[in-house]
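Trainee: got a structure for you, letters missing:
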């Protein structure tokens, strides 16, 4: 729903300013009139369906703190409405503050907390809402919120490890591309101007570098335009399409070196999410449907859908995982033991820890593995350019010395 900023006057004539979400301007006017406020002005600020407001967004760390604070206050006997309102007053994020204020209003009108979250589907995931609803259903909302904060924290930690694994090589590659572009567009033309005055035949490698530089300089505008158009088309019709995402996710899992970390991260998320849902008493089929939405990988989603369908057809959970042909034997064995012992959530958590540790090990050794490769590659390219630019000088010096 849209977010409106308003200015009004109360019964005493004092100016009142605020921001609220409403289905329309008319709905907000009716709501304010019930509070005996005389409206001076109303304007739409931002649609609350969007993630950003005033350059801010709701971070996972903020959701973690919110869950912990709310769990603590409920456990301490603070009424739910008062607890949510108190957290909203202390929240510095404008979007989160407005959202919590609106949720407080919905709770005050008789809705449940999970129903309030449902009104903001772009801010709170179906999994988040389902866990809160489960807590309300069984009367242990504080316990559920603590479990939810643990889950969000673990997932955020894993995502940061993946980002860390990709940031270093990405930075090196971008720096390398930038240095190559500067040399090609600015340094090489200067050498070409110097050598053109000698009239001597240039070495083959120097001619190649000069030709490449000429090609870049003459067509830089076209290259930028074509690259931009191709990038937009690829993003719109490939990356954002279902079939394109499936190809990308499949390739991501098969990439040498990085494919293993993506798969371990996906397995960790699957196990952690399923453990969180099952521990709250959510049925296995419903849990798998929610896990499917949170998997963030089409290949994994298709495997989870297959597992869910097999379970609905009467197959056991371990056998369903085995038939999906993507889950490793270690996970299947852990699930099998968990089903037999009645401690499936606990063993899934341990499995998630195992795969998360594998991601951590990869990140820890990534620099050692990839730094020499990147440095050698950079050195080879820079060496070729330097040789190409300075070889004519050496040849002229030798010719002059021989003369």
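Mentor: All right, it came through fine. Here the structure is a predicted model, which means the values were calculated and not measured.
Trainee: report the rounded mean pLDDT for stretch 291-310.
Mentor: Averaged over stretch 291-310, pLDDT sits at 85.
Trainee: which other helices and strands contact the helix or strand that residue 177 is a member of?
Mentor: Assigned by DSSP states H and E, residue 177 falls within helix 141-182. Packed against helix 141-182 by the contact rule (3 or more CB pairs under 8 Å, 6 or more residues apart in numbering; DSSP states H and E) you find helix 60-75, helix 126-138, helix 258-279, helix 344-402. Every C-beta, even on glycine, is put in place using the N, C-alpha and C of the backbone.
Trainee: just how off-centre is stretch 174-193 within its chain?
Mentor: Distance, stretch centre to chain centre, for stretch 174-193: 34 Å (CA atoms, centre = their mean, to the nearest Å).
Trainee: pipe the helices and strands packed on helix 141-182 into JSON lines and attach mean pLDDT per row.
Mentor: Output for the helices and strands packed on helix 141-182, formatted as JSON lines (pLDDT from 0 to 100):
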{"stretch": "helix 60-75", "mean pLDDT": "92"}
{"stretch": "helix 126-138", "mean pLDDT": "84"}
{"stretch": "helix 258-279", "mean pLDDT": "87"}
{"stretch": "helix 344-402", "mean pLDDT": "80"}
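Trainee: quick check: residue 40 vs residue 223, distance?
Mentor: Per CB to CB, to the nearest Å, residue 40 is found 54 Å from residue 223.
Trainee: what's the answer for residue 110, then?
Mentor: From residue 110 over to residue 223 (counting by CB to CB), the distance is 61 Å.
Trainee: circling back to that earlier point, now the helices and strands packed on helix 141-182 as TSV including distance to residue 163 and mean neighbour count?
Mentor: Putting the helices and strands packed on helix 141-182 into TSV (distance: least, CB to CB, whole Å; neighbours: other CB atoms under 10 Å) gives the following:
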stretch	distance to residue 163	mean neighbour count
helix 60-75	12	18
helix 126-138	21	19
helix 258-279	11	23
helix 344-402	10	15
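Trainee: of all those helices, which one comes closest to residue 36?
Mentor: Shortest distance between residue 36 and the helices and strands packed on helix 141-182, using CB to CB, is found for helix 60-75: 31.0 Å.
Trainee: for the helix or strand following the closest one, packing partners?
Mentor: Once the chain leaves helix 60-75, the next helix or strand it forms, by DSSP H and E, is helix 80-90. Applying 3+ CB pairs under 8 Å, 6+ apart, we find helix 80-90 packed against helix 60-75, helix 94-108.
Trainee: just give the nearest non-adjacent residue to residue 320, would you?
Mentor: residue 310 (3.9 Å; CB to CB, 6 or more residues apart in numbering).
Trainee: quick check: mean pLDDT across the following helix or strand past the helix holding residue 177?
Mentor: Downstream of helix 141-182, the first helix or strand assigned by DSSP H and E is helix 188-196. Mean per-residue pLDDT for helix 188-196: 82.
Trainee: what angle do helix 188-196 and helix 141-182 make?
Mentor: Here the directions of helix 188-196 and helix 141-182 differ by 10 degrees (axes from the mean of the first three to the mean of the last three CA atoms, to 10 degrees).
Trainee: next one: the helix or strand following helix 188-196 to chain centre, how far?
Mentor: Using DSSP H and E, the helix or strand that directly follows helix 188-196 along the chain is helix 204-234. Mean-position distance between helix 204-234 and its chain equals 32 Å (CA atoms, centre = their mean).
Trainee: buried sites along helix 204-234?
Mentor: 206, 209-210, 213 (16 or more other CB atoms under 10 Å).
Trainee: same question for whichever helix or strand comes after that helix: list its buried residues.
Mentor: On the C-terminal side of helix 204-234, the closest following helix or strand by DSSP H and E is helix 242-254. For helix 242-254, the buried set under the neighbour-count rule, 16+ other CB under 10 Å, comprises 244-245, 248-249, 252-253.
Trainee: in these, find the pair that's most separated.
Mentor: Farthest apart among those - using CB to CB - are 244 and 253, which lie 15.3 Å from each other.
Trainee: how about residue 328: what's its closest non-neighbour residue?
Mentor: residue 267 (7.3 Å).
Trainee: ok so, going back, the residue nearest to residue 320: neighbour count?
Mentor: By other CB atoms under 10 Å, 18 other residues sit near residue 310.
Trainee: still on that earlier bit, between the buried residues of helix 242-254, which is nearest residue 170?
Mentor: residue 252 (14.5 Å).
Trainee: and that closest one, how far from residue 125?
Mentor: If you go by CB to CB, the gap between residue 252 and residue 125 works out to 22 Å.
Trainee: before we move on, back to that, which strand or helix spans the residue nearest to residue 320?
Mentor: Assigned by DSSP H and E, residue 310 falls in helix 298-312.
Trainee: equivalent analysis for residue 336, please.
Mentor: helix 329-341.
Trainee: quick one: that helix to helix 258-279, angle?
Mentor: 10 degrees.
Trainee: which residues touch helix 329-341?
Mentor: Identification of contacts with helix 329-341 by CB atoms under 8 Å, 6 or more residues apart in numbering yields 267, 271, 316-318, 321-322, 344-348, 350-351, 354.
Trainee: nearest to residue 392 among these?
Mentor: Nearest to residue 392 among the contacts of helix 329-341, with distances taken as CB to CB, is residue 267, at 56.2 Å.
Trainee: contact partners of the longest strand along the chain?
Mentor: For the chain, the longest strand by residue count, based on DSSP state E, is strand 38-47. Residues from elsewhere that reach strand 38-47 (CB under 8 Å, 6+ apart): 1-10, 15, 19, 25, 28-29, 32-33, 53.
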